[in-house]
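1. The sequence isn't on hand, but the structure is:
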């Protein structure tokens, strides 16, 4: 049959042509190829009849599948590809029937849509990193960029065969076939321990040399019935192990132990024998860590809290061409975003100096693309490297960002400092990393083993605790202070541990002092002084901070600490008062104004608003120098802690409150409330992060792995905060 020139044109898409094999085809290219095949079949036949659709479709679909296979991307079934082609072919035919009447705009829109990819990928996930498809349908990581390009800009092409990747694929397949043959031989010889199960299956490779019926090089594995009525031990591959991976990270379980425990549970709960390999769990843990890290990106930080310590860290070193593990001491600074106490990450500065740490923090912000514009506050403890007036970390950050920041220095640390100095003055300094040389300190080590005797109650008033998140040591302190106050000591409390003896944990030191106090019939004057200070000053301030933990209450907590300690003698005041003066950061006008602007009394709120407006009217181009003010230790209210005649600057966290809002606030006599950022006045969230970073540093050698390990632990605790009984467990579905 003769083919004319007009026969090589398609009414919808123009010139027909053969499909290209170096790029994934679009709908338009497939329809052009379809018409090209149809013309070829018609020209090569002696009949006037049109070729059947299925005859053309078989050729077209095979060509499409060949191109996608060449791109190493898993595809859907042959039937699905054929159905997609048929559906689009019918759509084109229906459009051609109404072509004279169809609007040009609609026809142009159809032609534009036809330039999209004829997507037959088995994975339709747009976010390939969080793909939830089965393993055999997942797109290889090396092909992600190509598939995404073909779905969008279509600038990339299929290159030549990757020799190294092909060798790796063949090696993996060969290993799987070898394992199946080995299991088959062992089963025939009765060497495999199995359980009785009539419906057993055996994995056999269709391309295995031992299969006499196999006459092709097909690489798929087929299931065949086993003559042996015993089941083969199969790998558990069709489950989501993200929860298992996070739980193993949370409790520090190794890959081998986690896989063994999970396999034992699967064997006990399933009729078939499923095994989780330790390497599979290791890969799942790595994948889960990566997913959690990628989805936890933070772009804005209203307040940055940080703390650090030197940790024993595992690193990999190369010697003689081989890698070895080595333990070094490395400085780690943990970073927390407030007000939601979100873990950002940690940095490892070269040293612990303020300049080096400041540079590491600013580099972290640049590396993670975190904007410094919303940053309003900095939280940390009161060590000199952090709060130095001229060269501290906060001061250097203010100079780097060229703006003042709210100084939030941990009140729980501040509450410990007078107690520490008082204890050292009364009982003497330490004699080692975990021992004390004073008479009281020596008795503290075994105080919990002594029986409780009749003791003299110490009057005090603890704040009423509601549902607070208290640790076991904090709960012990509350209970023992209540017992010392009432004079009635519960029997169950006498058998509990007051906590570990450590110089870094002054909360447990307070517990042990009170436990020693209730165990001595005639306590010494020094022991009475310490026990009284804990009951009247230290413990009430601690729990007041826990009940009202925001920075707006910081100035009130400081004043409560000062007023509660006024019962001390003159010489003891001479010990703790200088400590309080040096660390009275919440008596700074910026922190006092925050407390005043939310005070229950209208006139105090109005006064605070007026002072903030006055401070704003004083223009200062330089970043103000933060200095601890002179304290009035005999103040009757927190407002009178300082002399207000000094230079007053506005609180940085109120930058978002406009002058109009403050003026309206003053006009209404402070009867309304301003929205103040709820930032904690302590750094316990950072301390928890520091502890987790320490654990990760002793477990993993890679910083990326440590970050994922820490965030997996945090994610697991969010899903299941505690698991004391079955009611604490809540099942959640995850789609990673």
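-> That came in fine, so what should we check first? Owing to the predicted nature of the structure, the values given are computational and were not obtained by experimental measurement.
2. which residue ranges form the strands in this structure?
-> When assigned using DSSP state E, the strands of the chain occupy the ranges 9-10, 14-15, 201-205, 221-225, 234-235, 274-275, 303-319, 322-338, 342-347, 377-380, 406-409.
3. Lowest average pLDDT across these?
-> Sorting those by mean pLDDT places strand 201-205 lowest, at a mean of 36.
4. what's the spatially closest residue to residue 576 that is not a sequence neighbour in contact with, if anything?
-> Closest residue to residue 576 apart from its sequence neighbours, by CB to CB, 6 or more residues apart in numbering: residue 418 at 3.9 Å. For the C-beta atoms, the positions are set from N, CA and C on the backbone; glycine is no exception. Applying CB atoms under 8 Å, 6 or more residues apart in numbering to residue 418 gives the contacts 537, 561, 565, 575-576, 579-580.
5. tell me the two of the residues you listed that are most distant?
-> 561 and 575 (14.5 Å; CB to CB).
6. who has more neighbours, these two?
-> Neighbour tally, residue 561 and residue 575, criterion other CB atoms under 10 Å: the higher count belongs to residue 561, 24 against 16.
7. Correct me if wrong: the more buried one contacts residue 537.
-> Yes - counting by CB atoms under 8 Å, residue 537 is a contact partner of residue 561 at 6.6 Å.
8. Can you tell me, leaving aside adjacent residues, what's nearest to residue 624?
-> Excluding the flanking residues, the one nearest residue 624 by CB to CB, 6+ apart is residue 649, at 5.0 Å.
9. The one you found and residue 598, how far apart?
-> Remark: distance between residue 649 and residue 598 (CB to CB, to the nearest Å) = 19 Å.
10. Give me the neighbour count for residue 500.
-> By other CB under 10 Å, 11 other residues sit near residue 500.
11. residue contacts, it?
-> Contact partners of residue 500, counting by CB under 8 Å, 6+ apart, are residue 508.
12. can you list the domain ranges for this structure.
-> Under the assignment automatic domain parsing, the domains of the chain span 6-150, 163-232, 296-410+684-701, 419-545, 548-682.
13. Could you tell me the least trusted of those?
-> Here the lowest mean pLDDT among these goes to domain 163-232, at a mean of 55.
14. How are the helices of the stretch 601-736 of the chain distributed by residue range?
-> Shown for the stretch 601-736 of the chain, the helices assigned by DSSP state H, counting those that start in this stretch span residues 602-617, 659-667, 684-697, 703-719.
15. before we move on, the earlier item: reformat the contacts of residue 418 as CSV; add distance to residue 347.
-> As requested, the contacts of residue 418 are exported to CSV (distance: CB to CB, whole Å):
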residue, distance to residue 347
537, 36
561, 33
565, 38
575, 37
576, 35
579, 30
580, 32
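16. The residues you listed in helices, which ones?
-> Taking DSSP state H, the ones among the contacts of residue 418 that sit in helices are 561, 575-576, 579-580.
17. ok, of the residues you listed, which one's closest to residue 331?
-> Among the ones in helices among the contacts of residue 418, and counting by CB to CB, the member closest to residue 331 is residue 579, at 26.8 Å.
18. can you give me the helices in the stretch 401-550 of the chain?
-> 411-427, 439-444, 472-486, 491-494, 506-517, 525-533, 539-547.
19. ok so, going back, residue 393: which of the contacts of residue 418 is nearest?
-> Among the contacts of residue 418, residue 579 lies closest to residue 393 (CB to CB), at 21.4 Å.
20. ok, how many other residues are close to the closest one?
-> Applying other CB under 10 Å, we find 16 residues neighbouring residue 579.
21. Repeat that for residue 187.
-> Using other CB under 10 Å, residue 187 has 18 other residues around it.
22. mind checking the longest helix of the protein?
-> Identified as the longest helix of the chain according to DSSP H is helix 163-188.
23. check contacts around the nearest residue to residue 485 once chain neighbours are set aside.
-> In space, residue 485 comes closest to residue 460 once its chain neighbours are excluded; the distance is 5.1 Å by CB to CB, 6+ apart. By CB under 8 Å, 6+ apart, the contact list for residue 460 reads 481, 485, 535-536, 539-540.
24. repeat that with 7 Å
-> 485, 535-536, 540 (CB atoms under 7 Å, 6 or more residues apart in numbering).
25. with those residues in mind, which one is nearest to residue 145?
-> Residue 145 has its nearest neighbour among the contacts of residue 460 in residue 540, at 61.2 Å by CB to CB.
26. Hmm, residue 459 and that closest one touching each other?
-> No - Residue 540 lies out of contact with residue 459 (CB atoms under 7 Å); the separation is 11.9 Å.
27. Those two: who's more crowded?
-> More crowded of residue 540 and residue 459, by other CB under 10 Å: residue 540, with 20 against 11.
28. Next one: the closest residue to residue 442 other than its chain neighbours from residue 429, what distance?
-> Distance criterion CB to CB, 6+ apart; nearest residue to residue 442, sequence neighbours excluded, is residue 436 at 6.4 Å. Distance from residue 436 to residue 429, counting by CB to CB: 8 Å.
29. Same check on residue 563?
-> 29 Å.
30. Same check on residue 290?
-> Residue 290 sits 48 Å away from residue 429, going by CB to CB.
31. Ok, residue 482 next?
-> Noted for residue 482: a distance of 31 Å to residue 429, by CB to CB.
32. Please say which of those two ends up with more neighbours.
-> Higher neighbour count among residue 482 and residue 429: residue 482, with 18 against 11, using other CB under 10 Å.
33. Can you tell me which of the helices of the stretch 401-550 of the chain is most buried?
-> Highest mean neighbour count of these: helix 506-517, a mean of 23 (counted as mean count of other CB atoms under 10 Å).
34. Show residues contacting that helix.
-> Identification of contacts with helix 506-517 by CB under 7 Å, 6+ apart yields 416, 419-420, 443-444, 447-448, 455, 473-474, 476-477, 480-481, 484, 498-502, 523, 527, 530-531, 534, 538-539.
35. Same question for stretch 141-153.
-> Stretch 141-153 has contacts (CB under 7 Å, 6+ apart) with 24, 71-73, 117, 119, 121, 128, 139, 155-156.
36. Need these in CSV (columns: neighbour count and distance to residue 698).
-> Shown next, in CSV, are these (neighbours: other CB atoms under 10 Å; distance: CB to CB, whole Å):
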residue, neighbour count, distance to residue 698
24, 27, 48
71, 21, 44
72, 17, 41
73, 21, 42
117, 18, 49
119, 18, 47
121, 21, 43
128, 17, 34
139, 21, 37
155, 8, 47
156, 15, 44
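37. What is the end-to-end distance of stretch 144-163?
-> 19 Å (CA to CA, to the nearest Å).
38. before we move on, what about stretch 634-644?
-> Start-to-end span of stretch 634-644 (CA to CA) is 16 Å.
39. Give me the contact list for it.
-> Contact partners of stretch 634-644, identified using CB under 7 Å, 6+ apart, comprise 555-556, 559, 587, 589, 592, 595-596, 604, 629-632.
40. Please point out which parts of it sit buried.
-> Using 16 or more other CB atoms under 10 Å as the test for burial, stretch 634-644 gives 638-639, 641-642.
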